[in-house]
Structures are given as C-alpha cells and as structure tokens.
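S.K.: Kindly return the folded structure for what I paste below:
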Amino acid sequence: MAVKIGIMAGSLREGSYNAKLANLAAEDARTLGADVTAIDLAEFDLPIYHHAIETDAFPDAALRLKETLKAQDALLIASPEYNGSIPGLLKNTIDWASRPTDGEGLVALSAFRDKAAGIMSASISPFGGLRGLAHLRQILSTIQMVVHPAQVSVPVAHQAFDGDRLVDDLPRQLLADMVGKVAAMAEGLRASN
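M.R.: Numbers count the residues shown, from 1 in each chain. Here you go, the predicted model:
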C-alpha cells in the first residue's frame, strides 16, 4: 500500500513561495508513488483555538481537518517565517488538530503521534526561514511526530523562483531528497506501529 503523505503550506497569500515549495514537494512525492493529499488550509474555517469553543461545540472544520491528518502516514509542511517563528495560521491548525475527540484521552494526539514529518521554508530573508523551522520542529516533536533531520530552506525566495519552479538545482535536489527520506521513514513507522 502506498505511503500516504499530506502536504500543506502555512500561508494563504496568493503567490506564496511556501505554497510553491509545497507543490514541488507534492510532485516529488507523487513521483515516488505516494498517495498525496494536498491540504489547503483555506478550506478549513477555524476560529482561533480557545478551550471554551472546544467545550461548547468542537468546530466541524476542525473535525474535518483532524480526520484528514489522521489518514496520513506523514506530513510535509512548508512554513513561512513570521517574526522568527511560524505563522498563527499554522499554529492554530496544529492546535485544533491536536485536541482529543471521540472519547480520546487528553494526549492521544491521533492526528500526529508516531507519524513522519518533513519541514521546509522559503523566505525573502537570506536565512530562508531557518528560525521558523526550528520552532516548527520543536512543536511537531512535542506533539509526538518524528521530524526528519533533513529540512529545506530556500533563502531570497523572491529571486529563487521563476514562476512555480526553483531557479537553482541545489534546493530542488535537496527537496526531492528530503521528500524521499520522509516517505521511507513513514513506511518504516507504519510497519512498526
């Protein structure tokens, strides 16, 4: 059975460099034979997480999101860097999907636990979003994902893309390599669980 990989960008901006990076990762995953689910965060109208909202009525959009993530063996996440960290959109997405539902225990983390993750960032800065990736790695590790050590950082993103394609071969090769490693890790984790 093909490994199932969910791919999302933590940006809704039209022309987002991280959405372009996520799309390239999806191409690589499909080339490997993975069953790819493109997760468009614009399709999930999530309120800002607050326990009172969760207690009163868990939002349908959050349930759909969580079910989508639960069905995956791995996640590939392309995240912009906002003030040295990840955007609120992505953090809110993770917060909602990490919440227990359907009688789960408080720390079930069924959308994330023991699943492989690969992280990447494209940024107009010369550091390529590295500070944000460090925070994303910490968050994903905290919710029990196995984050592959390989990561992709595309600096000076406004010059790194020609349309939807990366100009230089190196980041393109690094991306394909990371996607392959995450897919292999996901297969191993699935077999061991």
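S.K.: for P100, phi and psi?
M.R.: Per-residue torsions, P100: phi -70, psi 140 (degrees, to the nearest 10).
S.K.: just S85 next, same as before
M.R.: Torsion angles, degrees, to the nearest 10, at S85: phi -140, psi -160.
S.K.: do the one 3 residues further on as well
M.R.: With angles defined as degrees, to the nearest 10, G88 shows backbone torsions of phi -60, psi -40.
S.K.: need the contact list for it.
M.R.: The contact partners of G88, by CB atoms under 8 Å, 6 or more residues apart in numbering, come to 48, 82. Bear in mind the C-beta positions are built from the backbone N, C-alpha and C, glycine included.
S.K.: And it, how far from S11?
M.R.: As defined by CB to CB, to the nearest Å, G88 lies at a distance of 11 Å from S11.
S.K.: Please identify the helix or strand for the most centrally placed residue in the chain.
M.R.: Residue closest to the mean C-alpha point of the chain, counted by CA atoms, centre = their mean, is I77 at 2.3 Å. Assigned by DSSP states H and E, I77 belongs to strand 74-78.
S.K.: Let me know the average pLDDT across that strand.
M.R.: The average pLDDT for strand 74-78 rounds to 98.
S.K.: Quick one: list the elements packing against that strand.
M.R.: strand 4-9, helix 17-31, strand 116-122, helix 169-192 (3 or more CB pairs under 8 Å, 6 or more residues apart in numbering; DSSP states H and E).
S.K.: Mean pLDDT added to those, as JSON lines?
M.R.: Formatted as JSON lines, these follow (pLDDT from 0 to 100):
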{"stretch": "strand 4-9", "mean pLDDT": "98"}
{"stretch": "helix 17-31", "mean pLDDT": "98"}
{"stretch": "strand 116-122", "mean pLDDT": "98"}
{"stretch": "helix 169-192", "mean pLDDT": "97"}
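S.K.: Tell me which of these sits nearest to A150.
M.R.: helix 169-192 (4.3 Å; CB to CB).
S.K.: buried stuff in stretch 143-154?
M.R.: Within stretch 143-154, the residues scored as buried using 16 or more other CB atoms under 10 Å are 143, 145-148, 150-154.
S.K.: Which of those residues sits closest to A19?
M.R.: Among these, V154 lies closest to A19 (CB to CB), at 12.5 Å.
S.K.: Can you tell me how far the residue lying closest to the closest one once chain neighbours are set aside is from I77?
M.R.: Spatial nearest neighbour of V154, chain neighbours left out: A122 (4.0 Å); criterion: CB to CB, 6 or more residues apart in numbering. The gap separating A122 from I77 is 12 Å, by CB to CB.
S.K.: what's the closest of the helices and strands packed on strand 74-78 to H158?
M.R.: Short answer: helix 17-31, nearest of those by CB to CB, at 7.5 Å.
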